[in-house]
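1. turn this into a model:
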Amino acid sequence: MTIDQAGVDSAVALFHSLSDGTRLAIVRHLAEGEARVADLVGRLGLAQSTVSAHIACLRDCGLVDGRPQGRQVFYSLARPELIDLLASAESLLAATGNAAALCPNYGVESLPDGGRHE
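-> Residues are numbered from 1 along each chain as shown. Okay, here's the model as predicted:
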């Protein structure tokens, strides 16, 4: 069996786009329904420019769509499969306990900010 390197590279790009705490929080909020940047700013407590930059990244990755309505844009998940991916990740985290958080290479303590995302 050969490894499809293009498929692996695409998966790496997908998981990298979700590896930032702010982007993951945005995706989780959008899994509940569409929202404007102002709504996300209020829920996340971050600057508008920060949220907008992360939304742009998620749009570039094809994970988020924008629906203009007047002077506002309502964002939503572009792919419903993303909700399934998040649910699977939560199940995996529940099954492995703290193993991912304690991982010496990728766990919370290995992050530059000690796992705190601002």
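
2. in stretch 50-63, which residues are buried?
-> By 16 or more other C-beta atoms under 10 Å, the buried positions in stretch 50-63 come out as 51, 54, 55, 57, 58, 63. Every residue, glycine included, has its C-beta placed from N, CA and C.

3. test my guess that the last one contacts residue 82.
-> In other words, residue 63. Yes - the pair residue 63 / residue 82 is scored as a contact, 6.2 Å apart, by C-beta atoms under 8 Å.

4. what do the two both touch?
-> Common neighbours of residue 63 and residue 82, using C-beta atoms under 8 Å, 6 or more residues apart in numbering, are residue 27.

5. just how off-centre is stretch 58-77 within its chain?
-> The gap between where stretch 58-77 is centred and where its chain is centred comes out at 14 Å by C-alpha atoms, centre = their mean, to the nearest Å.

6. and for stretch 44-57?
-> The answer for stretch 44-57 is 12 Å, by C-alpha atoms, centre = their mean.

7. contacts for that stretch next, please.
-> The contact list for stretch 44-57 (C-beta under 8 Å, 6+ apart) reads 17, 20, 22-23, 25-26, 29, 37-38, 40-41, 64, 66, 75, 118.

8. same question, stretch 29-38
-> Residues outside stretch 29-38 that contact it (C-beta under 8 Å, 6+ apart): 40, 43-44, 48, 51-52, 55, 64, 67, 72-77, 82-83, 86.
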